[in-house]
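Asks: sequence first, predicted coordinates after that:
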Amino acid sequence: MAKKPTYVVKFRRRREGKTNYKKRLNLLKSNRPRLVVRKSNRYINVQIINYNPDGDVVVASANSKELDKFGWEFYKCNTPSAYLTGLICGYRGISRGVNNAILDIGLYRSVKSSRLYAALKGAVDAGLNIPFDKDMLPSEERISGRHIAEYREIKDIEVKFNDVKNKIIESFKKKKLKNDKK
């Protein structure tokens, strides 16, 4: 007589292809916050997440929808917007006491110069200490949107990118000055 079932049902998120638990365990063993980058068809979402046995805790978050507040009027899911979203999340994480993290791209393939690495570059430029391979990052021309300007014949995307980047940096400097005065 058999005492055990011959087949054990896997976790629901594993069955649905949403979570690779082996990769997740290796990320959690580092005891560092994770910089989680996710993309949809329209937006980029970047979060800094701490592990908690009761459930992960989001320390800082940024969505590319927020770029409207800073004057970004172009598509919200391209390389420049991914960089700017990573920059916002990096500054928010630093303001909440996170100094280092580890990149979590989930089930996405690791492709050189992808939007995922543009968001990583934004977080690193904000001041987060994240280990990465410099060869994987997109070039400065792609981050600033020059490839879009050439293809779509939009002349002011690089200028607008620099304006939005400076607005983001200035807004977080002002917040830091207010907190230092308190």
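Replies: In hand now; what should we look at? This one's a predicted model, so the numbers in the text were calculated from it and none came from an experiment.
Asks: contacts, neighbours, all on C-alpha from now
Replies: Will do.
Asks: which SS class is residue 73?
Replies: The local conformation at residue 73, judged by DSSP: H, G, I helix; E, B strand; the rest coil, is coil.
Asks: OK, contacts around it?
Replies: Residues counted as contacts of residue 73 (Cα atoms under 8 Å, 6 or more residues apart in numbering): none.
Asks: how about residue 111?
Replies: residue 136.
Asks: mind redoing it with 10 Å?
Replies: Applying Cα atoms under 10 Å, 6 or more residues apart in numbering to residue 111 gives the contacts 117, 136-137.
Asks: can I get the CA coordinates of the host helix or strand of residue 23 in PDB?
Replies: Element membership for residue 23, per DSSP states H and E: helix 21-28. Extracted in PDB, the C-alpha atoms of helix 21-28 (Å, rounded to 0.1, in the frame of the first residue of the first chain):
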ATOM      1  CA  TYR A  21      11.600  30.400  -6.100                       C
ATOM      2  CA  LYS A  22      15.200  29.200  -6.500                       C
ATOM      3  CA  LYS A  23      16.300  32.500  -7.900                       C
ATOM      4  CA  ARG A  24      14.200  34.400  -5.200                       C
ATOM      5  CA  LEU A  25      15.900  32.400  -2.400                       C
ATOM      6  CA  ASN A  26      19.400  33.200  -3.700                       C
ATOM      7  CA  LEU A  27      18.400  36.900  -3.800                       C
ATOM      8  CA  LEU A  28      17.000  36.800  -0.200                       C
END
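Asks: quick check: longest helix of this structure.
Replies: The residue-count maximum for a helix in the chain (DSSP state H) belongs to helix 157-181.
Asks: other SSEs contacting that one?
Replies: helix 79-95, helix 115-126, helix 140-144, helix 146-152 (3 or more Cα pairs under 10 Å, 6 or more residues apart in numbering; DSSP states H and E).
Asks: that concludes my questions; thank you for your assistance.
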